[in-house]
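Student: sequence first, then the predicted structure:
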Amino acid sequence: MIRSINTLLVPIPTIRAHKLACTVMNEQVLVLVHIQTEDGYEGWGEATTIGGLSYADESPHSIKTNIDTYFTPLLLKEQPASAAKAMQLLNIHINGNRFAKCAIETALLDIEGKRLNLPISELIGGRVRDRIEVAWTLASGNTATDINEAKQMVAQNRHRIFKLKIGSRPILDDVAHVLAIKQALPNCRITVDVNQAWTELEAMKGISLLQNGGVDLIEQPVSMRNKSALKRLTEHFDVPIMADEVVQDPQNAFQLAADHCADVFAVKINQAGGLKAACLIGQMAHLAGVELYGGTMLEGPIGTAASAHVFSTYPSLRFDTELFGPLLLTEDVLAQPLDYQDFGLNVPTGAGLGIEVDSDKVYHYAKQAAAMLTTSSSLDYASNAYSETV
Ligand SMILES: O=C(O)C[C@H]1C=CC(=O)O1
Ligand SMILES: [Mn+2]
């Protein structure tokens, strides 16, 4: 029996400004879900989004409000006997809200794994790999700083695959920035993420220059609403094109895979609507001949561990992952940090998520953040996220 569900907003500063086409992040707000059962088990889940409402249609505040107002009363009343039954119940009664569903499913699977003494990866299909390679995103906004950062990462055996965030500057400036980095790091794989910023015409020009410069992968160059443009670009260019924002729930991913709108899918557990949904997307993509990349919504360690369990089950992970979220944050919320080594992350092996959350720290941070919110209104919070982009 579920005894309680607590939803906590935990803002954590980033180690440097993280610049995307749609926003500039200086902190990440983790939405943590803490579920306790009558027989003494506890599970943790996490949802994150990027820059308030600037990236997706759920914000940390909407996720918390919707869980507290709609999910929790339903789950406490119906007391579903398993994570699968809980997700079935939520999907019948609650539309959308994929990020919130992901956080709840993670916490319930954490409990189920602990109860059965199995890692989540074994509950959701079975892991086929214990270690995943992890890319780093260079997004300081400055070419020399990015090159320096990348060289340090390589020297420290931290990362050798890099993703560059572009799309907010004129195309030729962005291309010059990317090609300078590619030339400085000839042995590293370089991906660019345009975060939907280009029109199809701009994408034709930008991708052609990037392809000639040896860039390895192009992520979501055009609007997620323009699937046919994505498909045309995929057909036109040799350089692989990756779909990100457009890959949402399994049904929508099914259509994208069937129509081969992209060469690669970036799968994110939040965007998919949960861990099992993300597994389903991975399996479908694989069957349709679409390659896979383990994406991040810049989750903290809880969401990152959950993602690692999912990606460990994929039959193939040709383009590796970008599960670097915890490394972008100035504070950890785990008693022991995740095990990053040799350019990758070891998938936790313990029961459930296989991590131990420092609950005193997390409740303390959430309390501090709530106190700050009562002194500056939540509207200010939203306008801050907006003003950073302009
Ligand atoms: O991929 C995105 O669009 C979002 C996110 C993932 C890595 C990063 O730097 O931003
Ligand atoms: Mn992306």
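Tutor: Ah, there it is. Ligands and ions are numbered 1, 2, ... in the order given.
Student: quick check: the residue of the stretch 201-350 of the chain found nearest ligand 1 vs A176, distance?
Tutor: Taking CB to the nearest ligand atom, ligand 1 has its nearest neighbour within the stretch 201-350 of the chain at T296, 4.8 Å off. (Each C-beta comes from the backbone N, C-alpha and C, glycine too.) T296 sits at a distance of 27 Å from A176 (criterion: CB to CB, to the nearest Å).
Student: try R169
Tutor: R169 sits 10 Å away from A176, taking CB to CB as the criterion.
Student: before we move on, what about N117?
Tutor: In terms of CB to CB, N117 sits 54 Å off from A176.
Student: neighbour-wise, which of the two wins?
Tutor: A176 (15 against 10; other CB atoms under 10 Å).
Student: helix/strand/coil for the more buried one?
Tutor: What DSSP: H, G, I helix; E, B strand; the rest coil gives for A176 is helix.
Student: report the buried residues of the helix or strand K367 falls within.
Tutor: According to DSSP states H and E, K367 maps onto helix 359-375. By neighbour count on 16 or more other CB atoms under 10 Å, the buried set for helix 359-375 is 359, 362, 365-366.
Student: can I get those in JSON lines including distance to Q183 and pLDDT?
Tutor: Shown next, in JSON lines, are these (distance: CB to CB, whole Å; pLDDT from 0 to 100):
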{"residue": "S359", "distance to Q183": "47", "pLDDT": "97"}
{"residue": "V362", "distance to Q183": "43", "pLDDT": "97"}
{"residue": "Y365", "distance to Q183": "42", "pLDDT": "95"}
{"residue": "A366", "distance to Q183": "45", "pLDDT": "96"}
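Student: from those residues, which single one is nearest L20?
Tutor: L20 lies nearest to Y365 out of the buried residues of helix 359-375, by CB to CB, at 24.3 Å.
Student: quick one: contacts for the closest residue to that closest one other than its chain neighbours?
Tutor: Of all residues not flanking Y365 in the chain, V10 sits nearest, at 4.8 Å (CB to CB, 6 or more residues apart in numbering). For V10, the contacting residues are 29-32, 300, 333, 362, 365-366, 369, by CB atoms under 8 Å, 6 or more residues apart in numbering.
Student: again, but for K268
Tutor: Contacts of K268 by CB under 8 Å, 6+ apart are 244, 247, 278, 295-297, 307.
Student: send the alpha carbons of the top strand by length along the chain over as PDB?
Tutor: Longest strand of the chain, by residue count under DSSP state E: strand 2-19. Taking Å, rounded to 0.1, in the frame of the first residue of the first chain, the C-alpha atoms of strand 2-19 are listed here in PDB:
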ATOM      1  CA  ILE A   2       1.200   3.500  -0.900                       C
ATOM      2  CA  ARG A   3       1.400   5.600   2.300                       C
ATOM      3  CA  SER A   4       2.700   8.900   0.900                       C
ATOM      4  CA  ILE A   5       3.800  10.700  -2.200                       C
ATOM      5  CA  ASN A   6       5.900  13.900  -1.700                       C
ATOM      6  CA  THR A   7       6.900  16.100  -4.600                       C
ATOM      7  CA  LEU A   8       9.900  18.400  -4.100                       C
ATOM      8  CA  LEU A   9      11.200  21.200  -6.200                       C
ATOM      9  CA  VAL A  10      15.000  21.200  -5.800                       C
ATOM     10  CA  PRO A  11      16.800  24.000  -7.800                       C
ATOM     11  CA  ILE A  12      20.600  23.400  -8.300                       C
ATOM     12  CA  PRO A  13      23.000  25.800  -9.900                       C
ATOM     13  CA  THR A  14      24.900  24.700 -13.000                       C
ATOM     14  CA  ILE A  15      28.700  24.700 -13.100                       C
ATOM     15  CA  ARG A  16      28.500  27.400 -15.900                       C
ATOM     16  CA  ALA A  17      25.900  29.000 -18.100                       C
ATOM     17  CA  HIS A  18      24.400  26.400 -20.500                       C
ATOM     18  CA  LYS A  19      23.300  28.100 -23.700                       C
END
